[in-house]
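Chemist: structural data only, the sequence is not supplied:
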């Protein structure tokens, strides 16, 4: 069944704005970073733009419009692949999981140029059962690396590759590549070790290699520039996968801004409690703004303890004040605030006056990562793109 | 724009199952609790069934089927009111916020018997601008109480009531009631104090009163049984709003169970790292299961540190092991596990053999409350009802 979505007919009280131009700029930034790092400038890695989880919560249809320069897109499952085709994407599609898929599902011509990650024996069997004479997908064999969750460890890897290679020779696969997910991509030394182990395990095996993700592209571009392909996810949306640095500090453009309107502003006296359980006590007489967005929209419930909001013109940063509720959160606008109901506050992304509250700061305020906030918005939160 | 939803065509790898019979039973349980507490058994409070936030994430269309015995439903905004009517709800509807609504929006005959919470001057103006001769809504004036976020404080309350009363006499309102949200409903003493202040502020004013929520109905039924109406939200869905006690311990039936399939199971040696950053080290040789659900579906990212899953027959509790990723989470199934890809794990609600992992336990494992988990699921998580 379909859950209802916030109606565009009524003026929304909260919404996520997606700047698609920022996504195109981030893709170009990532490409130029690889160009600068690669030994042979004619052959930098090609880029899979990762659009799983509804394009990291930005709306697949919006984001595809910004990906004309991507060499392919990477989706989570076959359903997302179909959705991308439905929205007009014509380039290659890499599917990360084909769990539960039958051979005929992979033979649908509507899927176009398809690449499939091979995690396990079931996927090997699936590909071996593909009928010849249909559009042949490319297989990407996943090395288990240090994650120890999905993929083949060294001992089984060569044997799995042999089986896929036989499929390619029989014409049911268009090719076989090698794929790694780093366990610690944000740590250049750990990444180099993981990469070396992967290269050793795949040494002498034909086929392209793909290891780099956003953290590797931003933190270790020289290391992964020798690959044939790389995957860019979080960085595409303007956020940093490296600790202690934000997307804007790297040169990326945040693509999503999270806005809500104030539905009420109240004067609260010094010492008076605000919110459930009296969780905030105003340290001075102040103006408390109530924004119409809460954990039922996907805002982390613990954002209030250290989270900030952008408000006003000129734009200023003000603290959240009191527990986030299902539908609302409260903000200490300060004693001299002139804001009233209808004014807009920003919880991450761009506010007025080009001010920016990086989503990494909001994530840090609730002990999580940017991708969690971006992908965690619920169906109640409308997406607006420009 | 509409975000895509998981397709029912492919077997879903993760889903939330909603037991609508449990919701009907919980409503009956709440009603009998009030019957037992009320001084005059002929006049227990009537019950608003709270279905905001897509029925606390359970799917409004499913939940309405279980609410034949509710005296009315309570929604977040006018859009949810229209959705409820679209799904066939014919009883009274209480709308918690009419922010941004125009007088004509309230005059739509499709809205049926409408009750509107009055928070602020803007809503007073809205109701005063209603044209006569149209279906007249009931107003519920909200006392600010101890939340200090929405509603009228003592000094303004009587004046606001006077204005609404004039509207009722002019025929543009069908009636005027008094509404309170407790700040500390889980604390019987604090609740009694808040209630006493509310009764003092509304003393002598005509109209019905509504203060009780799930925490009050479960923890202080005698205190709120004298009201004309009460609102039941979380308890309707089988979860407890009281600290240290679960819905099943109170006698409620959890309505939602959160299931995912294992997409892979790997053997991991003692000391080997699992997951991003090597966040889990297997204390012994074990079997690590990968379930196809992650924070991109709305599972709290910090669930892994103390969270458990139900798995197998006979059903056993096993710990999460390693960071939750956007699409997957890993579980230490134990060295003797026989589970494989395709087997089902349960993160909250009912597993096999009638085993139950209360959502309150999952919430406590990630330092939040049950309502946060229930309403926080994203559009990627299909809902299945029975």
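Modeler: Structure's in. What do you need? Computed from a predicted model, the values in this text were never measured in an experiment.
Chemist: kindly list the main-chain dihedrals of residue A:215?
Modeler: Dihedral angles of residue A:215 (phi, psi; degrees, to the nearest 10) stand at phi -60, psi -40.
Chemist: which residues in chain A form helices?
Modeler: A:20-37, A:52-56, A:60-64, A:78-86, A:103-106, A:121-128, A:154-169, A:188-202, A:214-219, A:221-224, A:247-250, A:359-365, A:370-375 (DSSP state H).
Chemist: can you put those helices in a markdown table and add mean pLDDT?
Modeler: Formatted as a markdown table, the helices of chain A follow (pLDDT from 0 to 100):
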| stretch | mean pLDDT |
| --- | --- |
| helix A:20-37 | 94 |
| helix A:52-56 | 98 |
| helix A:60-64 | 97 |
| helix A:78-86 | 97 |
| helix A:103-106 | 92 |
| helix A:121-128 | 96 |
| helix A:154-169 | 95 |
| helix A:188-202 | 96 |
| helix A:214-219 | 95 |
| helix A:221-224 | 92 |
| helix A:247-250 | 97 |
| helix A:359-365 | 98 |
| helix A:370-375 | 98 |
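Chemist: I'd like the ones you listed written out as JSON lines, with mean neighbour count and distance to residue A:386 added.
Modeler: Backbone N, C-alpha and C define where each C-beta goes, glycine included. JSON lines is the format used below for the helices of chain A (neighbours: other Cβ atoms under 10 Å in any protein chain shown; distance: least, Cβ to Cβ, whole Å):
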{"stretch": "helix A:20-37", "mean neighbour count": "19", "distance to residue A:386": "7"}
{"stretch": "helix A:52-56", "mean neighbour count": "26", "distance to residue A:386": "15"}
{"stretch": "helix A:60-64", "mean neighbour count": "23", "distance to residue A:386": "9"}
{"stretch": "helix A:78-86", "mean neighbour count": "21", "distance to residue A:386": "21"}
{"stretch": "helix A:103-106", "mean neighbour count": "16", "distance to residue A:386": "36"}
{"stretch": "helix A:121-128", "mean neighbour count": "18", "distance to residue A:386": "40"}
{"stretch": "helix A:154-169", "mean neighbour count": "16", "distance to residue A:386": "43"}
{"stretch": "helix A:188-202", "mean neighbour count": "17", "distance to residue A:386": "36"}
{"stretch": "helix A:214-219", "mean neighbour count": "25", "distance to residue A:386": "24"}
{"stretch": "helix A:221-224", "mean neighbour count": "20", "distance to residue A:386": "30"}
{"stretch": "helix A:247-250", "mean neighbour count": "18", "distance to residue A:386": "19"}
{"stretch": "helix A:359-365", "mean neighbour count": "22", "distance to residue A:386": "18"}
{"stretch": "helix A:370-375", "mean neighbour count": "26", "distance to residue A:386": "18"}
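Chemist: partner residues bridging residue A:273?
Modeler: residue A:281 (DSSP bridges).
Chemist: so it touches residue B:183, yeah?
Modeler: Yes - counting by Cβ atoms under 8 Å, residue B:183 is a contact partner of residue A:273 at 6.8 Å.
Chemist: what touches both of these two?
Modeler: Common contacts of residue A:273 and residue B:183, defined by Cβ atoms under 8 Å, 6 or more residues apart in numbering or on different chains, comprise residue B:146.
Chemist: more neighbours, these two?
Modeler: residue B:183 (24 against 18; other Cβ atoms under 10 Å in any protein chain shown).
Chemist: once you drop chain neighbours, what's closest to the more buried one?
Modeler: residue B:146 (3.9 Å; Cβ to Cβ, 6 or more residues apart in numbering or on different chains).
Chemist: next, count neighbours for the one you found.
Modeler: 23.
Chemist: check residue A:280 too.
Modeler: Around residue A:280 there are 23 residues (other Cβ under 10 Å).
Chemist: which residues touch it?
Modeler: Taking Cβ under 8 Å, 6+ apart, we find residue A:280 in contact with A:273, A:274, A:304, A:321, A:322, A:323, A:330, A:332.
Chemist: out of the residues you listed, which sit inside strands?
Modeler: Here DSSP state E is the test, and those give A:273, A:274, A:330, A:332 as lying in strands.
Chemist: low-confidence stretches in chain A?
Modeler: A:1-10, A:39-42 (pLDDT under 70).
Chemist: break it into its domains for me.
Modeler: Domain assignment for chain A, taken from automatic domain parsing, gives A:20-241, A:256-385.
Chemist: can I get the ones you listed in JSON lines with distance to residue B:196?
Modeler: Output for those, formatted as JSON lines (distance: least, Cβ to Cβ, whole Å):
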{"stretch": "domain A:20-241", "distance to residue B:196": "45"}
{"stretch": "domain A:256-385", "distance to residue B:196": "17"}
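Chemist: thinking again about what came up before, quick check, the residue nearest to residue B:183 in contact with residue A:273.
Modeler: Yes - Residue B:146 lies in contact with residue A:273 (Cβ under 8 Å); the separation is 5.9 Å.
Chemist: for chain B, what are the nearby residues on the stretch 51-200 of chain A?
Modeler: For the stretch 51-200 of chain A, the residues in contact with chain B (Cβ under 8 Å from any Cβ of the partner chain) are A:52-54, A:57, A:59-62, A:76-80, A:82-83, A:96-97, A:99-101, A:105, A:119-120, A:122, A:144, A:146-150, A:183-184.
Chemist: contacts only, for the spatially most central residue of chain A.
Modeler: Note on chain A: the residue nearest the mean C-alpha position is residue A:56, at 3.6 Å, using Cα atoms, centre = their mean. Residues near residue A:56 by Cβ under 8 Å, 6+ apart: A:50, A:233, A:234, A:236, A:237, A:371, A:374, A:375.
Chemist: closest one of these to chain B?
Modeler: Lowest distance from chain B to the contacts of residue A:56 (Cβ to the nearest Cβ) belongs to residue A:375, with 4.2 Å.
Chemist: kindly provide the distance from that closest one to residue B:50.
Modeler: 27 Å (Cβ to Cβ, to the nearest Å).
Chemist: adding distance to residue A:162, write the ones in strands among the contacts of residue A:280 out as TSV.
Modeler: Below are the ones in strands among the contacts of residue A:280 laid out as TSV (distance: Cβ to Cβ, whole Å):
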residue	distance to residue A:162
A:273	68
A:274	65
A:330	62
A:332	64
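Chemist: show me which of these are buried.
Modeler: With burial judged by 16 or more other Cβ atoms under 10 Å in any protein chain shown, the buried subset of the ones in strands among the contacts of residue A:280 is A:273, A:274, A:330, A:332.
Chemist: report the buried residues of stretch A:133-149.
Modeler: Under 16+ other Cβ under 10 Å, the buried positions of stretch A:133-149 are A:136-149.
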